[in-house]
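1. Fold the following.
(4 chains)
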Amino acid sequence: MAKQDTIAMILAGGQGSRLGALTDYVAKPAVPFGSRYRIIDFPLSNCMNSGIETVGVLTQYQPLELNSYIGNGHSWDLDRNSGGTFILPPYVRQAGSTWYKGTANSIYQNIPFIDSYQPRYVLILSGDHIYKMNYAKMAAWHESKGAEATIAVIEVPWEEAPRFGIMNTDENSRVVEFEEKPAKPKNNLASMGVYCFTWESLREALIKDEQNPDSRNDFGANVIPGMIDEGKGVFAYRFDGYWKDVGTVFSLWEANMDLLERPDVMDLRDEMFPVFSRNYQQPSHYFGENCRISNVAVTDGAELYGDVENSIISSNVIVEEGAVVKDSILMPNTYISAGVRLERCIVGMDTLLEPNVRATPDEPDGTENFRDKLCSNGITVFGPNLIIREGLALKGNSMVWPNDAVRVPELVAERYPSWRKEMGQC
Amino acid sequence: MAKQDTIAMILAGGQGSRLGALTDYVAKPAVPFGSRYRIIDFPLSNCMNSGIETVGVLTQYQPLELNSYIGNGHSWDLDRNSGGTFILPPYVRQAGSTWYKGTANSIYQNIPFIDSYQPRYVLILSGDHIYKMNYAKMAAWHESKGAEATIAVIEVPWEEAPRFGIMNTDENSRVVEFEEKPAKPKNNLASMGVYCFTWESLREALIKDEQNPDSRNDFGANVIPGMIDEGKGVFAYRFDGYWKDVGTVFSLWEANMDLLERPDVMDLRDEMFPVFSRNYQQPSHYFGENCRISNVAVTDGAELYGDVENSIISSNVIVEEGAVVKDSILMPNTYISAGVRLERCIVGMDTLLEPNVRATPDEPDGTENFRDKLCSNGITVFGPNLIIREGLALKGNSMVWPNDAVRVPELVAERYPSWRKEMGQC
Amino acid sequence: MLTDAMGLILADNERIRLGKIDEPRSLAAVPFAGRHRIIDFTLSNMVNSGIRRVGIVALTRYKSLMDHTGTGSWWDLDRIRQGLFMIPPYVNMTTRRPDRTDSQSIIDYVESGHQEYVIISGSEFVASMSYLPLLDAHLANGADMTMLCVREKDKYSAPAVTIDVDESGRVTDVLVDHPLPKSDLRAVSLVVLKRDLLLEILQDRMARGYSDFSALNLLRLYDLLTVRTLIHDGLLFRITNIAQYFNASMALLNDEARHQLFSEEYPIYTKVKNRAPCLVTPESLTLRNVLASDGCMIQGNVENSVLSRGVVIGRGAQVRNSVLFQDVQISEGVTLDHVIIDKNVVIKMGVRLLGQDDYPIVIEKNAIV
Amino acid sequence: MLTDAMGLILADNERIRLGKIDEPRSLAAVPFAGRHRIIDFTLSNMVNSGIRRVGIVALTRYKSLMDHTGTGSWWDLDRIRQGLFMIPPYVNMTTRRPDRTDSQSIIDYVESGHQEYVIISGSEFVASMSYLPLLDAHLANGADMTMLCVREKDKYSAPAVTIDVDESGRVTDVLVDHPLPKSDLRAVSLVVLKRDLLLEILQDRMARGYSDFSALNLLRLYDLLTVRTLIHDGLLFRITNIAQYFNASMALLNDEARHQLFSEEYPIYTKVKNRAPCLVTPESLTLRNVLASDGCMIQGNVENSVLSRGVVIGRGAQVRNSVLFQDVQISEGVTLDHVIIDKNVVIKMGVRLLGQDDYPIVIEKNAIV
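-> This is a model prediction of the structure:
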């Protein structure tokens, strides 16, 4: 029973630095998404819906929140006797110790873990993509092709193709060339960062890669190009559904908004392919006596007394009467006071906005002092665990960092991170 | 609910190098003990029996086996919604990354974790002692004394006192002096390595200790002596039951034998204070047609066809007809072939002894080639995951290391570590 | 630190009927406050009071209760030796009738725990509180048993158990459904006593041929034993008839009452489900004073109402002063006022249902109207 | 990869009586092989065959079965949407009799799963095997349902269901407890069929007023439907009377049989308990050919016997050819031969109990002898 046909390894160790203040204390996969989810819910739910019962989660950067969130995998039915969920941090050996050097090295360091399940296939997944995919179908396709590696690809608009890793394939879907961010793409099939490997082949490739001192030990940059160069059977598996890399502030905002604008494309209500998440114990949410609400996704524990339009509201959010929130994402436990006006904002967990704080793309008297190159398209980000003082006004493309509590204490203060408490509650 | 009155932190990161081959691949707390236990079962069961519901386990060295064993703490009823068991490895922060430098530093690095529970008291426990103790009583005593730190002590024979940390106390049990391994002890009250701290005081002491560049960041060497020197309220709490540090080969052997010789002292059958362990799925154990068994502790999954006397037999052990095992400890999944003769041996997990291997304290034609200074009192240790070839004969005080498979391949070979499979099974 | 008491919850009460909403399920399993059920409150109170062993006596219609409580994990009661115990009646092989009385199965449960006290709770009230003050009062007053009671401020309505106490607080009279009770003290079926005494009482009742068991049985021993009371001042909803149920549901729309019932100090746990977030659609609509839950899809107008999980409100619908259970579908153009609608009901296009303040209309589970 | 079938285990069989050992518990909950119970084998077989949804129909005496199965976690069946489902009878509030038939509750369970096939297992056999060959045979033979059967080599003993098949393997006759069966093929109640067909059959039976359900009911449809068989060659113990139970227990003392039943390929899962290791005391004693379990304390002589958890054998006792259930205490100087002793029994000092090979003595649960 311990033997598992297919196991999944989720790469969740990256720092996610393009999300700025949102990943200051937490790993990117633990960032809240879509009212009641975290980003990692998507690959974990995919595993569950694909019948995969053993999942390793490779962590390294700020893993406490992520570890607490995942727990033993129970929320995704991944707390199995034979297998289940394993958090795999780097560790000290008799021979010494190293942190994970790259995505491929993190898997290399866990070869004994994978070996212990004697799998035929190993899925390598990213912890920072939003999509629903049946990996079992991909593994079956991989098997039918007799492939050594299969890379899931998705058609992207031609003009965006230069931002992706592009797969050039022959008529049999075999990858003949892999181009990382090509200036002139020959193709618009982009790698989704979802790989299925025959374990024997991957094991060999990882050991080889580790011996190459020039390698960055990265799947996309080294291992897969290496396998293609050596003529291994590398195939591209076409995926048609919704897929989004939420690595930047703008793409994170966009993907959230897609839930409101394209609920049919990213169907969270599909009973046959549910997305599971850790459920906290909250009362039902409440719409107040004088609130005005339109086009909103909201979850239990929230209380809305103000005006909320076209926004994503997470658990335990409070919007006071007289506040106006538009085109924004309020992460769990944020508190929006009366007189606040937000447009195209992302407010990090546990942050409190005092009365009359304003942040819109074209605030007439907003300060330029918080402009940040990580923000674009008029989006403003408030980091987590902050108190934003009355009177702060921001133009779009701003970011309020925890460090601002030191820089401009009259405008920003730190707030006790009550999510820690919440983490323990369920 | 997330607030916890008392939480426990178990130090499980040490290498346990005095156990030699037995801790080559596993952290010491994961070493098997007493037929169906691992060493860490004792502090974990103590927590359960003391009503403590939040336990952090600090790991660093070879934690995979230990992590798999502990899982989510379910086996010890420590899989709680508010709290539960947390494996706490070192990790990378925005500001950089460090491995745990010492016992005190490992707690220092986890101050945010402890803070999140806002505990009044924090217990610091070792992962390598065998004892049954109600920590709730100790915490209540700590509270009644208004102590800042309470150190559990046990009376040891005067002649052994120089091997321990000795507490000199006043008539009110207050520690006035702490001597680490004193040549001329004034007292025979030895520290058990079980500490209860008022969190506020410990937090302060840890931050102070971290700022001292000369500190080894160790509880026994730095933090506690520091608190005594500063006149903090440090008290010694007298414990009367069975307690054993199993840090050496001989003490590990002795503690196992105590289960046979003094079952009244270390009562594993006490329903009111049970010792829990991870239970694997095995059939009942079997005593063969021609076996001779006396004074043996044995657990499910074992099959005994040979002669076994005064020994500890673990899960899935097979002793063939014609083998003789005396005063020995057979760890899980060991296989003892016909004609083998063992006396005062410890055989590590998954090791197979081929026919006619002999190891006794005074084997007439035994080789001196495996003598090892980690062994004493005639005890011989076979490391885990080995195949011991027919014909090897050892005198006492020997140790067979995994590395011997390279050094003397005609006598020792590696065996596939099937415990990995077993780990997954339940 | 843990409390030296075990809990015993009586999921049914033969004297109480809540319209049709307790027909398909135990009283304890009746939905309340959107995503919760009545039992969530007393179960959470027990857990929040440091109790780690809770038995639930369910005599009948226990399927939805068992679905809800599951392994007890939602209340952190999935434990190896303690935890949650379902105590269903035993059924005989041949007759398929219960062949051991309820009392015997309760005795088995109580005997197998080692706690010194038992806290027994009925299921006809909703409150968020610690039970430790009751235990403390019991330890202090030296009585054989101590029971919670409330002073009824509102209009008297049966069923109700009225008690009288002497100047020392000892119960001196117990009146059941008396039309003109002389006292305003109403018993709440929450009682603490020693485990040994409970066993003695149960065994004595068994021996005398009584097979049922309720908090009222215990209270009626007031002339044999010393029974004292603790008067509860905080928020407590008695749910003994459908009007009380409806009024309690409406009371939750008040911020103060809701925040008292769902406080940070005493969290109320319930079974969680992976429903999508609630969606309020783009159209401009009236949405005021509404308690709603995950999985809802609100496209029509809702006022002063409680919506459980997965409720769908169609375009142009008008829902006022109503309580809608899980997965109720309100089609386009429906008008509802003062209606309680049970699980999975479909209200077809254009239907109008108007109840009265003191007489809400109740629509049965799975109905299509 | 998971199997597209759900499991349905029938915990009782009204035609079978195992002396007194199935009086206090369902047939499925009868202890076997020391630390296991009969249901462990079919449950493990299902899990080992990739089945992740299993319902257990228990009509009566289900307390010990429920204690044993718990949340299903021991079989890895504690799952959010799939997992283990107990299907107890519903009980009516007023009469306290089951107010919905067994068939209805089975229909509810079967309907709520989405797998294409159902594998139904009775509880009167013990084997360790994958059920995939049965499913594969069913897919290949095109029958409406496929049932396992064995060729009985031993002496015929009732109760037994004998079947006849034609040259194509289709069932042509079913004889229940016939004194002179013309065939050596005995039905084993393990059957696979499509979920939709099962629902149709159940609904048809309901409509005709039949409320019970068994594998035999299905088999008897052989003239309406195509029923084919798969003949099982491996080790399989039929447990339809106490002699078979005793003989199967003794057969496990054979290494080969034991290793077939407990193989690495198909692990058998059971509820685990935190008992101390078994202790064999210093005295020299005879201990041969014994299956023993954790928590035992062996101070006397034991031969050819099976000891469940926590059995205590006193000094100087002589235990031969016996099966001792959990926590049985054998006092000093007792002599036992061919005895089956149920849970918690105490055999007092010096007692002698001698049964016969084909007629073992059975001592009831909790007795003091």
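
2. Pass me the low-pLDDT residue ranges in the chain, would you?
-> You didn't pick a chain, so chain A it is. Judged against pLDDT under 70, the low-scoring parts of chain A cover residues A:1-3, A:93-97, A:416-426.

3. should've been chain C
-> When residues are selected by pLDDT under 70, those of chain C lie in C:1, C:89-102.

4. Contacts only, for the residue nearest to the spatial centre of it.
-> Taking CA atoms, centre = their mean, the centroid of chain C lies closest to C:Ile38, which sits 3.2 Å from it. Shown in contact with C:Ile38 (CB atoms under 8 Å, 6 or more residues apart in numbering or on different chains): C:Leu27, C:Ala28, C:Ala29, C:Val30, C:Phe32, C:Ser123, C:Val126, C:Ile239. Where C-beta positions appear, they are placed from N, C-alpha and C, glycine not excepted.

5. so where do the helices sit in chain C?
-> Along chain C, the segments classed as helices by DSSP state H run C:38-48, C:63-69, C:102-111, C:132-141, C:195-207, C:215-219, C:242-251, C:255-261.

6. re earlier: most neighbours among the contacts of C:Ile38, which one?
-> Among those, C:Ala28 has the most neighbours (other CB atoms under 10 Å in any protein chain shown), with 30 neighbours.

7. Near chain A, which residues of chain C are found?
-> Proximity of chain C to chain A is assessed by CB under 8 Å from any CB of the partner chain, with C:33-36, C:74, C:253, C:258, C:261-262, C:267-270, C:272-274, C:276-285, C:287-295, C:302, C:306-308 identified as the residues in range.

8. From those, list just the buried residues.
-> Among those, those classed as buried by 16 or more other CB atoms under 10 Å in any protein chain shown are C:33-36, C:74, C:253, C:258, C:261-262, C:267-270, C:272-274, C:276-281, C:285, C:287-295, C:302, C:306-308.

9. just checking: which of these also lie near chain B?
-> Answer for those near chain B (CB under 8 Å from any CB): C:Trp74, C:Pro267, C:Tyr269.

10. Closest one to D:Lys182 out of these, please.
-> For D:Lys182, the closest of these turns out to be C:Trp74, at 57.5 Å, with distances computed as CB to CB.

11. tell me the contacts of the residue nearest to C:Glu111 when sequence neighbours are not counted?
-> Spatial nearest neighbour of C:Glu111, excluding adjacent residues (CB to CB, 6 or more residues apart in numbering or on different chains): C:Leu199 at 6.5 Å. Remark: with contacts taken as CB under 8 Å, 6+ apart, C:Leu199 is in contact with C:Ile107, C:Val110, C:Glu111.

12. now do 10 Å
-> Remark: with contacts taken as CB atoms under 10 Å, 6 or more residues apart in numbering or on different chains, C:Leu199 is in contact with C:Ile106, C:Ile107, C:Val110, C:Glu111, C:Val118.

13. out of those residues, who has the most neighbours?
-> Of all the contacts of C:Leu199, the highest neighbour tally under other CB under 10 Å goes to C:Val118, namely 26 neighbours.

14. beta partners for it?
-> With DSSP bridges applied, C:Val118 shows beta-bridge pairing to C:Met6, C:Leu193.

15. any idea how far it is from C:Thr69?
-> When distances are taken as CB to CB, to the nearest Å, C:Val118 and C:Thr69 turn out to be 19 Å apart.

16. swap in C:Gln299?
-> When CB to CB is the yardstick, C:Gln299 and C:Thr69 sit 34 Å from each other.

17. and those two? which has more neighbours close in?
-> Looking at C:Gln299 and C:Thr69 with other CB under 10 Å, you find the greater number of neighbours at C:Thr69, namely 27 against 18.

18. Quick one: neighbours of A:Lys137, just the number.
-> The local packing of A:Lys137 (other CB under 10 Å) involves 12 other residues.

19. Name the nearest residue to it, ignoring sequence neighbours.
-> Spatially, and ignoring its direct neighbours in sequence, A:Lys137 is nearest to A:Ser50 (7.8 Å; CB to CB, 6+ apart).

20. For that neighbour, what are phi and psi?
-> When quoted as degrees, to the nearest 10, the phi and psi of A:Ser50 stand at phi -100, psi 0.

21. How about the contacts made by it?
-> Neighbouring residues of A:Ser50 by CB under 10 Å, 6+ apart: A:6, A:8, A:123, A:133-139, A:273, D:1-2.
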